[in-house]
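> coordinates for the following, if possible.
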Amino acid sequence: MLYEAAAKGLDPRVLLTEALMAPDPFTAQLVDGVARVGPELDVIIGRLAKGWTVQRMPVLDVNILRLALFELRDLPDIPVGAVISEAVELAKQYSTEESGRFVNGLLGTAAAELRA
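Residues are numbered from 1 along each chain as shown. Coordinates of the predicted model:
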């Protein structure tokens, strides 16, 4: 939903309300949370991504990072290892060849700060 919203230039919460089938509650929580605090998450991404701006990153990578950062920052019951592992797998499967390593490195640094 986050990627679709970015591709269509929409607020992701619009897709939540227009979905033919209501997403499960956890998905809705993630999409709503990322939409609500996206600019704050982008600041973290921009600060930790040495030599990269959020605008230069693949859209899919940015959304994977936003999702994982929201989980790390706002959902402390989700284990750090699970957040990072899932994000890296998404990046490896759906994004560029280098994305898995990039996502892993950025989230490792972010997790040390956000869950210290």
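
> how far out from the middle of the chain is the longest helix seen in the chain?
Ranked by number of residues, the top helix in the chain under DSSP state H is helix 25-48. Centre-to-centre, helix 25-48 and its host chain are 6 Å apart (CA atoms, centre = their mean, to the nearest Å).

> what does the next helix or strand along the chain from it contact?
Next helix or strand after helix 25-48 toward the C-terminus (DSSP states H and E): helix 59-74. Residues outside helix 59-74 that contact it (CB atoms under 8 Å, 6 or more residues apart in numbering): 2-3, 6-7, 30, 33-34, 37-38, 41-42, 44-45, 54, 57, 78, 80, 83-84, 86-87, 90-91, 94-96, 99, 102-103, 106-107, 110-111, 114-115. Placement of C-beta: from N, CA and C, glycine included.

> by contact count, what packs against the longest helix of the chain?
With contacts taken as 3 or more CB pairs under 8 Å, 6 or more residues apart in numbering; DSSP states H and E, helix 25-48 sits against helix 2-8, helix 12-18, helix 59-74, helix 99-114.

> of those helices, which stretch is the most buried?
Counting by mean count of other CB atoms under 10 Å, helix 59-74 has the highest mean neighbour count of those, with a mean of 22.

> for Ile84, see how far away the residue in the chain sticking out farthest from the centre is.
Centroid-distance maximum for the chain: Leu20 at 23.4 Å, with CA atoms, centre = their mean. Separation of Leu20 from Ile84 (CB to CB, to the nearest Å): 32 Å.

> and Asp24, by the same measure?
Taken as CB to CB, the span from Asp24 to Ile84 is 22 Å.
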